[in-house]
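> need coordinates for the following:
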Amino acid sequence: MAKPNFSFQKKQKELERKKKNEEKLQRKLSKNSAPADENGLEAPVEEESN
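The predicted structure follows:
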């Protein structure tokens, strides 16, 4: 019977964890960059004129 390749499994698990954390970070950043008003709609971006 063949031995399981634990190092491969460990690497795959680490890659999945990193991918999940990246997706979570992207969701956080996109959530913070587009603030919502009380109704849950995105607030319009106001431009300053000089």
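
> now stretch 18-27 - C-alpha only, CSV.
Output of stretch 18-27 as CSV, limited to C-alpha atoms (Å, rounded to 0.1, in the frame of the first residue of the first chain):
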residue,chain,number,x,y,z
LYS,A,18,-4.1,31.9,1.5
LYS,A,19,-6.7,32.1,-1.3
LYS,A,20,-9.6,32.4,1.2
ASN,A,21,-7.8,35.1,3.1
GLU,A,22,-7.1,37.1,-0.1
GLU,A,23,-10.8,36.9,-1.1
LYS,A,24,-11.8,38.0,2.4
LEU,A,25,-9.3,41.0,2.2
GLN,A,26,-10.7,42.0,-1.2
ARG,A,27,-14.3,41.9,0.1
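
> any stretches of the protein with poor pLDDT?
34-50 (pLDDT under 70).

> all strands for it, in order.
Counting by DSSP state E, the chain forms no strands at all.

> what ranges do the helices span in it?
6-33 (DSSP state H).

> could you list the buried residues of stretch 8-18?
For stretch 8-18, burial by neighbour count (16 or more other C-beta atoms under 10 Å) applies to no residue. C-beta here means a position set from N, CA and C on the backbone, and glycine is covered the same way.

> give me the residues contacting it.
The contact list for stretch 8-18 (C-beta atoms under 8 Å, 6 or more residues apart in numbering) is empty.

> how about a cut-off of 10 Å?
When contacts are defined by C-beta atoms under 10 Å, 6 or more residues apart in numbering, stretch 8-18 is touched by residues N5.

> just use 112 as the starting number from now, easier for me
Sounds good: first residue 112 from here, last item stretch 119-129.

> neighbours of K142, how many?
When neighbours are counted by other C-beta atoms under 10 Å, K142 registers 10.

> now do the same contact list for it.
When the contact criterion is C-beta under 10 Å, 6+ apart, K142 has no partners at all.

> state the distance from it to F119.
Distance, K142 to F119, by C-beta to C-beta, to the nearest Å: 35 Å.
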